[in-house]
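J.: mind folding the following:
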Amino acid sequence: MSYRYQRRPPRRGNGCLGWTVAMIWIAVVAVAAYLFWLRPQLSRMLGEQVVRQVDAGTVDGATGALPTTIAALPRGEVSISEQEVNAYLAANTGAMAPIEQATVRFTSGGVEADLRALGLDGTARMGLAVQNGRVIAIAPHLDGPLGQVVAFDDLLQPIERQFNDQLAAQGRRITDLRIEPGTLVVIVEG
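T.: Numbers count the residues shown, from 1 in each chain. Model prediction:
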């Protein structure tokens, strides 16, 4: 029996293909990290920044806008027009940084807002409801370039929490709300 040694040609690496596959995996990991970790963290941070500024009343050293607004709510049925909301937002733009501009519309389907923040535009849409004594956003969604950077539901969490906590701290409660075209109607107790 004879054993012959056959020399095989040296195996060449997959040079370019190997680097391409590695770069694709790095890109996939980077996108996943952005979508599932960085984007929600950034969005919550922006929401908390808005809350701090509105709550602290950073505009002209005035008292906190949120506590003052809640204290001014009368008991019973209160109708808030989109014109009133937009006038308030225009007058207090500095208190909402990094939100640079906001215009709100009340539609029969919920609330819509055209937003500009971080130099990007977007249109936010959501419903509102009262659940377990707390006002909550239903199916919040942000379209446009801003929606690619900010996760709207994560941004709303600190704002929603602070609003409800401030209501509770003042012994106030919204028991019902409805959105009509051009108007938000809330029932306030306490």
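
J.: check contacts around residue 175.
T.: Residue 175 makes contact with 130, 133, 187, 188, 189, according to Cβ atoms under 8 Å, 6 or more residues apart in numbering. From N, CA and C alone the C-beta is placed, and that goes for glycine too.

J.: what number of residues lie near the last one?
T.: This points to residue 189. 13 (other Cβ atoms under 10 Å).

J.: would you report the backbone torsion angles of it?
T.: The phi/psi pair for residue 189 (degrees, to the nearest 10) reads phi -120, psi 150.

J.: all strands for this protein, in order.
T.: 76-81, 99-107, 110-117, 120-131, 134-143, 173-180, 183-189 (DSSP state E).

J.: returning to what we had before: using JSON lines, please lay out the contacts of residue 175 together with distance to residue 157 and pLDDT.
T.: As requested, the contacts of residue 175 are exported to JSON lines (distance: Cβ to Cβ, whole Å; pLDDT from 0 to 100):
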{"residue": "130", "distance to residue 157": "17", "pLDDT": "93"}
{"residue": "133", "distance to residue 157": "17", "pLDDT": "84"}
{"residue": "187", "distance to residue 157": "24", "pLDDT": "90"}
{"residue": "188", "distance to residue 157": "23", "pLDDT": "90"}
{"residue": "189", "distance to residue 157": "25", "pLDDT": "89"}
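
J.: buried subset of those residues?
T.: Using 16 or more other Cβ atoms under 10 Å as the burial test, the contacts of residue 175 include 130, 188 as buried.

J.: neighbours of residue 83, how many?
T.: Neighbours of residue 83 (other Cβ under 10 Å): 11.

J.: how near is it to residue 115?
T.: For residue 83, the distance to residue 115 equals 18 Å [Cβ to Cβ, to the nearest Å].

J.: first to last residue in stretch 70-79, what's the distance?
T.: Using Cα to Cα, to the nearest Å, the end-to-end distance of stretch 70-79 comes to 14 Å.

J.: cool, stretch 164-178 as well?
T.: This stretch, stretch 164-178, spans 17 Å end to end (Cα to Cα).

J.: specify which member of the contacts of residue 175 is nearest to residue 78.
T.: residue 188 (5.7 Å; Cβ to Cβ).
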